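# Quick one, structure for this:
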Amino acid sequence: MKFRRMLAIPLFVLALTTAVFASDVVVDYDHAADFNQVKTYSWSKVHTANSIWDDRVKDAIDKQLAAKGWTQVPSGGDVALMAVEKTSIHQQYDTFYDGFGGWRRAGMGESTTTVDNYKVGTLIVTMFEVNSKQLIWRGTSSSDLSGNPENNTKKLDKDVQQMFKKFPPRAAS
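The predicted model follows:
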């Protein structure tokens, strides 16, 4: 019985940790916009905390839009794109109990709480109609970051791919 209990705690913590490190992608758009009329785009701005990532973000988005049949032009595209990245530190609290006492017995128990800090990167991609300067599409992706740039680049590509999975959106009927 003790072996089962000892094995259950690490498995439970592992399941919670996996859920915490999943990516979160959200897309919203103007339902009145006709994306079938849009074939070209121009970059308005790309801003990341580390300028090395500016080209990586542009390349990831350019690949997805090219796959959808859109063409990048230096200026004067049907829509203007903007991408902004923000990095923040999040905390996860883990509390472990030593197993003595508990709520069934009147025993004394000890607990230990640890704090784990981890970085989360958020990428916000927006599309504006050039003539009206109206926001017509926004995609947001949040993902935890590692210390390995190659892994972070793979996460970026995966998140941008997920962001543009159902792009272009269908016009409202």
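
# For residue 121, give me the pLDDT.
Model confidence at residue 121, expressed as pLDDT, equals 81.

# Across the sheet, point out what pairs with it.
On the basis of DSSP bridges, residue 121 is bridged to residue 87, residue 143.

# is it true that it touches residue 86?
Yes: Residue 121 sits in contact with residue 86 when judged by Cβ atoms under 8 Å, with a separation of 7.4 Å. The C-beta positions use only the backbone N, C-alpha and C, and glycine is treated the same way.

# neighbour count winner among those two?
Using other Cβ atoms under 10 Å as the criterion, residue 121 and residue 86 rank with residue 121 on top: 21 against 13.

# Name the helix or strand for residue 117, please.
strand 111-129 (DSSP states H and E).

# Could I get the CA-only coordinates of that strand as PDB?
Taking C-alpha atoms only, strand 111-129 is exported to PDB below (Å, rounded to 0.1, in the frame of the first residue of the first chain):
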ATOM      1  CA  SER A 111       4.600  19.900   4.400                       C
ATOM      2  CA  THR A 112       7.200  21.400   2.100                       C
ATOM      3  CA  THR A 113       6.400  24.000  -0.600                       C
ATOM      4  CA  THR A 114       8.700  24.800  -3.400                       C
ATOM      5  CA  VAL A 115       8.500  27.500  -6.000                       C
ATOM      6  CA  ASP A 116       9.600  26.900  -9.600                       C
ATOM      7  CA  ASN A 117      10.100  29.800 -11.900                       C
ATOM      8  CA  TYR A 118       9.800  29.400 -15.700                       C
ATOM      9  CA  LYS A 119       9.700  31.700 -18.700                       C
ATOM     10  CA  VAL A 120       6.600  32.000 -20.900                       C
ATOM     11  CA  GLY A 121       6.800  33.600 -24.300                       C
ATOM     12  CA  THR A 122       3.700  35.100 -25.800                       C
ATOM     13  CA  LEU A 123       3.500  35.900 -29.500                       C
ATOM     14  CA  ILE A 124       0.700  38.200 -30.800                       C
ATOM     15  CA  VAL A 125       0.200  38.400 -34.600                       C
ATOM     16  CA  THR A 126      -2.300  41.000 -35.900                       C
ATOM     17  CA  MET A 127      -3.600  41.800 -39.400                       C
ATOM     18  CA  PHE A 128      -4.900  45.200 -40.300                       C
ATOM     19  CA  GLU A 129      -6.800  46.100 -43.500                       C
END
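
# Lovely, talk soon.
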